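Student: Provide a 3D model corresponding to the input given below.
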Amino acid sequence: ASSNAARILARQALSKSGVGSRSLASLAAYEEYGKHVFTGTVADEYLQKHGASSDLLKDPSWTKTHADVVAAAVLDWAVDNGANTYCHWFQPMASSGVRHGQSGQVQNMMMKFDRETNDIMFDFKGKDLVKGETDGSSYPNGGLRGTHCAGGYIAVDTSSPIFLRGDTIFVPSAFVSYYGAALDEKTPLLRANAALEKQGARLLKHLGLDVSEKGGLITNIGLEQEIFFVPRDQYYRRPDLQMTGRTVIGKNAPRGQEMCDHYMAPLSSATPALSCMQEIQEECWKLGIPLKTRHREVAPNQFEFAPLFGSNTTQIDQNLMVMQIIEEVAPRHGLAALLQEKPFNDINGSGKHNNWSIATADGVQLLLPKAINEATGNESAFNVIMAAIVAAIDEHGDLMRMAISSPGNDFRLGACEAPPAIVSTYLGDDMTYYLESFKDGKAPGEYIPSVKTLDLGAKEILPFEVPAEDRNRTSPFPYGGARFEFRAVGSSQNVSMVNTVLNTITAEKFGEFADRIDAGEDPLEIAKESLNKHWRVIFNGNNYDEDNQTMLTERGVWRIDSGVEAIHTITSEKNIALFEKMNVMTKEECESREVVLHDHYTGTVEMEALTLVDMINQHIVPSVKAAGVGPLSELEAAATTITEAIAEIHATEDSYDKAKLARVLRLETMIDIRDICDTAEAVVPEKLWTLATYKELLFLDSHVGPGIEEIYEE
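Tutor: Residues are numbered from 1 along each chain as shown. The predicted structure is shown next:
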């Protein structure tokens, strides 16, 4: 009733304001958008008061030469916007699914008292802005830190702008140990960006383009964020959702997604979902996050946001804030937001499609044939670049699989719209034919993607053109014209590792090609040889088809079904050599990440298992006893089985071995026990079943209470 009342009052206020009478579009209503991010004209206004401009922020050396100037401008901006606190905002490892906001921070007031007069005064200098210190041992670190050697240092990341939310300034930062080892998600990504820029510049110079004249190379990404919204009162009746983010038991509702009725259906004002999404967008736009798109997704109560693309470090920082804002706004609308990859059984899970591209700083797209060929004056530049990327995918598909091994992807890959754990790439028939002609020594000429005309046979709709290439939603890494889309990424992930891998493997291939050209080889012959060698990784068919999966496996395309096994590949001899060669991670940093990721997996499974034991003992068994029906003895035995399995994990020393045991517990033992629990739910009367059901959780549209008009009429 209260949410309905709020909507009615909002409509009344809107009609009184005269907004509906405006004759011309105006941006005045949105003038606050972007004001809470310190960049562009916002930064320029405040830096000019201190004799500088926003151009200063484009050169990272300001942290050494003008730190006090920038700090003074940031302080002025903060105070004008009601902020009096700052923090270095960094990204600890293994945060997905457990750490709210997936960030670390210590918030400090930008004020102090004068010791003599006790008057309040501002206290924020350049030294406060550019560096901080904290305890590095209390975050997941894989042995890089300990209680007796706990120092952790935080340094401002100048590639991502400072932003403001509430009374606090957030300074995006990197987090490293006393010896410079990466303790966070961001530092390896920044190093991978540097590697790609360096090696890409070498290759492009051979192809005819000096990128130093174009401002260097950058990697852009666009991140689509899928989520579920469920009624918060029902969420409180599900310990598994509260503790783990997914339902470890639950009988399917009589209705699922079989009618395809939820996908892009109207966002109904009769439920809180629309107003919730509107508020999320409003908060994000104020932070300079262009959260442009909102819509319903395939599964019941599943939704999606999508922003405009941008540089990878900024987009990742913004995506973490988007996820945090989603979680914080949802309760204000009587909802709970579920970011986990597979909250519910037998309906779609959630992903975060990572749209990846490379460009010069002034906008020349390396993955757009006409643009890069014209910029280089080389009609085969695109072919050489694509040959390097195809080779990188084929050689390092194991690392791409490792990068998406979030615990929630256990249940998502290979079904319900997520690609299988076989790392191939879709190029489409036109691009495949074009590159095939090139590698076979034929002159393919200019690549012109074909189009076709659709005539609907109705005079009201004129014939229109569409791309001749279809979409392949089953491919983990399809080419989409100017970009590749990594579709297998999980919804709860910080995608820093995903983009660290993409940039590192591409940088290595760019560097390898450049080395061979330096040695006198012809770049076109290198590209042809590489395409012939790695052609097997290109597949344009249905990746869900089991015969195709068998065929790709027999071809030798990377296939790692187990996320636990995929994580282990980060410390293979090949991959350590790769990361060290590209100066992205040392052997010790690779080893620490394997430990952190395996511990994260095991910890996730343990939380799920212990929650399931509690649900059996505190809810399901009492319900079965009260009803006098159901598999009582099997349930009592199941709780013991889980407890014993957890004890076996605890008795195991090695983190990899623990994770392998946890995977068996999760994907075998707990699935069998889930069937027992769901059998009980099917026979226990509704009034005796104390847990929220899928029917109560998944259908906001079908569970709308009376409106305020109906209440007052009564």
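
Student: Quick one: low-confidence residue ranges for the protein.
Tutor: Scanning the chain for pLDDT under 70 picks out 1-23, 414-417, 468, 704-714.

Student: longest helix of it?
Tutor: helix 587-615 (DSSP state H).

Student: list the helices and strands that one packs on?
Tutor: With contacts taken as 3 or more Cβ pairs under 8 Å, 6 or more residues apart in numbering; DSSP states H and E, helix 587-615 sits against helix 239-244, helix 563-568, helix 573-581, helix 632-650, helix 655-664, helix 670-683. Any C-beta I mention is one placed from the backbone N, CA and C, and that applies to glycine too.

Student: Apply 10 Å and report the result again.
Tutor: With contacts taken as 3 or more Cβ pairs under 10 Å, 6 or more residues apart in numbering; DSSP states H and E, helix 587-615 sits against helix 186-207, helix 239-244, helix 397-403, helix 563-568, helix 573-581, helix 632-650, helix 655-664, helix 670-683.

Student: what's the most buried one of the ones you listed?
Tutor: helix 397-403 (a mean of 25; mean count of other Cβ atoms under 10 Å).

Student: what angle do the longest strand anywhere in the chain and helix 587-615 make?
Tutor: Scanning the chain for the longest strand, with DSSP state E as the assignment, gives strand 168-177. Put simply, strand 168-177 runs at 120 degrees to helix 587-615, going by axes from the mean of the first three to the mean of the last three Cα atoms, to 10 degrees.

Student: what angle separates strand 168-177 from helix 186-207?
Tutor: Using the same axes, to 10 degrees, strand 168-177 lies at 80 degrees relative to helix 186-207.

Student: quick one: buried residues of strand 168-177?
Tutor: For strand 168-177, the neighbour count (16 or more other Cβ atoms under 10 Å) marks Thr168, Ile169, Phe170, Val171, Pro172, Ser173, Ala174, Phe175, Val176, Ser177 as buried.

Student: As CSV, could you dump the C-alpha coordinates of it?
Tutor: Taking C-alpha atoms only, strand 168-177 is exported to CSV below (Å, rounded to 0.1, in the frame of the first residue of the first chain):
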residue,chain,number,x,y,z
THR,A,168,31.9,10.5,0.9
ILE,A,169,34.5,10.9,-1.8
PHE,A,170,35.7,7.6,-3.4
VAL,A,171,39.2,7.5,-4.8
PRO,A,172,39.6,4.4,-7.1
SER,A,173,42.9,2.8,-6.0
ALA,A,174,45.2,-0.2,-6.4
PHE,A,175,46.1,-2.3,-3.4
VAL,A,176,49.5,-4.0,-3.1
SER,A,177,51.8,-5.6,-0.5
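
Student: just how off-centre is that strand within its chain?
Tutor: How far strand 168-177 lies from its chain's middle: 19 Å, per Cα atoms, centre = their mean, to the nearest Å.

Student: cool, and stretch 418-433?
Tutor: 21 Å.

Student: first to last residue in it, what's the distance?
Tutor: 26 Å (Cα to Cα, to the nearest Å).

Student: buried residues in that stretch?
Tutor: Residues of stretch 418-433 classed as buried: 418-428, 431-432 (neighbour count, 16+ other Cβ under 10 Å).

Student: for Ser268, helix, strand, or coil?
Tutor: Three-state call for Ser268 (DSSP: H, G, I helix; E, B strand; the rest coil): coil.

Student: Contacts only, for it.
Tutor: Residues near Ser268 by Cβ atoms under 10 Å, 6 or more residues apart in numbering: Leu274, Arg296, Leu700, Asp701, Val704.

Student: quick check, nearest of the residues you listed to Gln102?
Tutor: Checking those against Gln102 with Cβ to Cβ, the nearest one is Arg296 at 25.2 Å.

Student: so where do the helices sit in the stretch 351-500 of the chain?
Tutor: For the stretch 351-500 of the chain, applying DSSP state H, counting those that start in this stretch gives helices covering 369-376, 381-395, 397-403, 429-439, 496-518.

Student: Kindly reformat those as JSON lines and extend each row with distance to Ser138.
Tutor: JSON lines is the format used below for these (distance: least, Cβ to Cβ, whole Å):
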{"stretch": "helix 369-376", "distance to Ser138": "46"}
{"stretch": "helix 381-395", "distance to Ser138": "36"}
{"stretch": "helix 397-403", "distance to Ser138": "26"}
{"stretch": "helix 429-439", "distance to Ser138": "49"}
{"stretch": "helix 496-518", "distance to Ser138": "20"}
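
Student: Ok, which of those comes nearest Arg674?
Tutor: Evaluated with Cβ to Cβ, these place helix 397-403 nearest to Arg674, the distance being 26.1 Å.

Student: just the CA coordinates of that closest one, formatted as PDB?
Tutor: Below are the C-alpha coordinates for helix 397-403, written out as PDB (Å, rounded to 0.1, in the frame of the first residue of the first chain):
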ATOM      1  CA  GLY A 397      41.300 -20.900 -23.900                       C
ATOM      2  CA  ASP A 398      42.200 -22.500 -20.600                       C
ATOM      3  CA  LEU A 399      42.900 -19.100 -19.100                       C
ATOM      4  CA  MET A 400      39.600 -17.700 -20.600                       C
ATOM      5  CA  ARG A 401      37.800 -20.600 -18.900                       C
ATOM      6  CA  MET A 402      39.700 -19.900 -15.600                       C
ATOM      7  CA  ALA A 403      38.600 -16.300 -15.700                       C
END
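
Student: Tell me which helix or strand the closest residue to Ser492 other than its chain neighbours sits in.
Tutor: Among residues not flanking Ser492 along the chain, Ser96 sits closest, at 4.3 Å (Cβ to Cβ, 6 or more residues apart in numbering). In this structure, Ser96 sits in neither a helix nor a strand according to DSSP states H and E.

Student: right, and Ser96 touches Gln340 too?
Tutor: Yes - between Ser96 and Gln340 there is a contact under Cβ atoms under 10 Å: 8.7 Å.

Student: Which residues are in contact with each of those two?
Tutor: Gly245, Ser406, Pro407, Gly408, Gly490, Ser491, Ser492, Thr604.

Student: which of the residues you listed sit farthest apart?
Tutor: Ser491 and Thr604 (14.6 Å).

Student: These two: which has the busier surroundings?
Tutor: Applying other Cβ atoms under 10 Å to Ser491 and Thr604 shows that Ser491 carries more neighbours, namely 28 against 24.

Student: So the more buried one is in contact with Ser406, correct?
Tutor: Yes - the pair Ser491 / Ser406 is scored as a contact, 8.6 Å apart, by Cβ under 10 Å.

Student: Spit out the residues that contact these two alike.
Tutor: Common neighbours of Ser491 and Ser406 (Cβ under 10 Å, 6+ apart) are Ser96, Gln340, Glu341, Lys352, Arg412.

Student: separation between the first one and Ser491?
Tutor: To Ser491, Ser96 is 9 Å away according to Cβ to Cβ, to the nearest Å.

Student: contacting residues for the closest residue to Ala659 other than its chain neighbours?
Tutor: Spatial nearest neighbour of Ala659, excluding adjacent residues (Cβ to Cβ, 6+ apart): His598 at 4.0 Å. Counting by Cβ under 10 Å, 6+ apart, His598 touches 94, 142, 405, 563-564, 567-568, 654-660, 662.

Student: if we take those residues, which one ends up nearest to Ile325?
Tutor: When the contacts of His598 are compared for distance to Ile325 (Cβ to Cβ), Ala94 wins out at 21.8 Å.

Student: Does the closest one touch Ser405 like I think?
Tutor: No - using Cβ under 10 Å, Ala94 is not in contact with Ser405; the gap is 11.6 Å.

Student: Mutual contacts of these two, please.
Tutor: Leu597, His598, His600, Tyr601.
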